[in-house]
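*Asks:* This is the structure alone, sequence omitted:
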C-alpha cells in the first residue's frame, strides 16, 4: 500500500513524449504528465502523497521541437536503481507508439518520443537494472503497447491504454485514458463527475472504501472508455495493491476578507494556478478585477506585519491551508 506520508519509500518516473507534427498534441502530453505529478505529490488532499523529490519528470523543453528524451529517461532509471530508499516505483509513460517498426528480424515494438524511436526491448533492459525495487507499476499510455517481459520473471503491475493491436485515443486536449485515470484518483475531492447521470461515477462513488485499488481504478477507467475508445488492455501480476486514498469529501478551502465579516469556500478545482484562483475570488467576493487587485494573506501568529504574510504563489496558499493557517483576502484599488 502506498503510505500517506511524504517521507516514504515510493518514487515515480513520469514521461511525456513529443509530437513534431502537431504542437498541440505535444503540449497536451506534457500537460497531462505535469497534472499527474501534481496529483501524486499533493498533500491537500493527500491522494497518494509521494515526496516531490522522489518524482522525476521527463518532458520536451519546447513541445513540438526536436529533442532526444531517451537519455534523460535512462538517467532517472539509473538514479532509482541506486536509491536504497525506494522499494516501490511508478513509471508512467504517455507518448506515441508503433508496432513492429522496421523489417525482418529488426522489427521492434517502439516508443515514439518524437525525435527518436526506442525499442521495447531497450526499455526492458533498463528496467532490469531496478533490482532494488520490490514493486513496480508501469502504465503505458501509448498506441500498440506490448507486454513487458523480465528475464528473471519478476512480478509487476502493467496497465495499458489499449491493446497491442489498437491505437490509444488522444486529442489536442490530451489523452482520454489519462483524463479518466486522473479523475478516478481524484474521486470526490473536486466534486466533479462526467455528467449528472454518469452511472460509472455513481457506482464508483457508492462503492467507496478507504483506498483505491488497482482493480477499482482500472474498472473505473474501463467503464468510462468503453463508449469512446478501444477496450484498454489490463495485465496484472501479484496482488491488487492499494494505490491511493479515496478522497470521499469535496475539498473546500476557506478564505475570509480582512474585516472578518465575509467568508467563502473555494473548491479545490479552482486552485490549479494563481490567476484562476484570483479570478474566482473576485467573483465570490463580488469585486471587479478591472478596478481592484487582490492580495492573499495567511496568519503566521507572529507580531510583525500584524501576524500576516502574503501568499504570492499557489504553493504558499496550499501550505497555509495544510498547516491550518487562516487565509485572508485584501482587495485594493488599482
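*Replies:* Structure's in. What do you need? Computed from a predicted structure; not experimentally measured.
*Asks:* mind listing the helices for the stretch 51-200 of the chain?
*Replies:* Applying DSSP state H, counting those that start in this stretch to the stretch 51-200 of the chain gives helices spanning 70-81, 120-127, 176-186, 199-206.
*Asks:* Show the pLDDT at residue 91.
*Replies:* Looking at residue 91, its pLDDT stands at 97.
*Asks:* So residue 149 sits against residue 127, correct?
*Replies:* No: using CB atoms under 8 Å, residue 149 makes no contact with residue 127, being 10.0 Å away. Any C-beta I mention is one placed from the backbone N, CA and C, and that applies to glycine too.
*Asks:* between these two, which one's more packed in?
*Replies:* Legend: neighbour count by other CB atoms under 10 Å for residue 149 and residue 127, higher for residue 127 (18 against 9).
*Asks:* how much space between the more buried one and residue 157?
*Replies:* Separation of residue 127 from residue 157 (CB to CB, to the nearest Å): 13 Å.
*Asks:* Quick check: neighbours shared by those two?
*Replies:* Common contacts of residue 127 and residue 157, defined by CB atoms under 8 Å, 6 or more residues apart in numbering, comprise 136, 138.
*Asks:* show me where the stretch 201-334 of the chain has strands.
*Replies:* Along the stretch 201-334 of the chain, the stretches classed as strands by DSSP state E, counting those that start in this stretch are 211-213, 234-236, 242-245, 252-257, 263-267, 292-299, 308-310, 327-333.
*Asks:* The stretch 1-150 of the chain too?
*Replies:* Going by DSSP E, counting those that start in this stretch, the stretch 1-150 of the chain shows strands at 10-16, 55-58, 88-94, 96-101, 108-112, 117-119, 135-141.
*Asks:* re earlier: tell me which of the helices of the stretch 51-200 of the chain is the most buried.
*Replies:* Stretch with highest mean neighbour count among these: helix 176-186 (a mean of 22; mean count of other CB atoms under 10 Å).
*Asks:* ok now that one, how far from the chain's centre?
*Replies:* 9 Å (CA atoms, centre = their mean, to the nearest Å).
*Asks:* For it, which helices and strands make contact with it?
*Replies:* Helix 176-186 is packed against helix 23-41, strand 135-141, helix 214-225, with contacts defined by 3 or more CB pairs under 8 Å, 6 or more residues apart in numbering; DSSP states H and E.
*Asks:* That one relative to helix 23-41, how many degrees between them?
*Replies:* 20 degrees (axes from the mean of the first three to the mean of the last three CA atoms, to 10 degrees).
*Asks:* any idea how far the residue nearest to the spatial centre of the chain lies from residue 330?
*Replies:* Nearest to the mean C-alpha position of the chain, by CA atoms, centre = their mean, lies residue 36 at 0.9 Å. Remark: distance between residue 36 and residue 330 (CB to CB) = 34 Å.
*Asks:* likewise residue 142?
*Replies:* 48 Å.
*Asks:* if you count what's nearby, which of those two comes out ahead?
*Replies:* Ranked by neighbour count (other CB under 10 Å), residue 142 and residue 330 place residue 142 first, with 26 against 14.
*Asks:* That one: what's it in contact with?
*Replies:* So residue 142 contacts 17, 93, 94, 95, 96, 97, 111, 112, 161, 168 (CB under 8 Å, 6+ apart).
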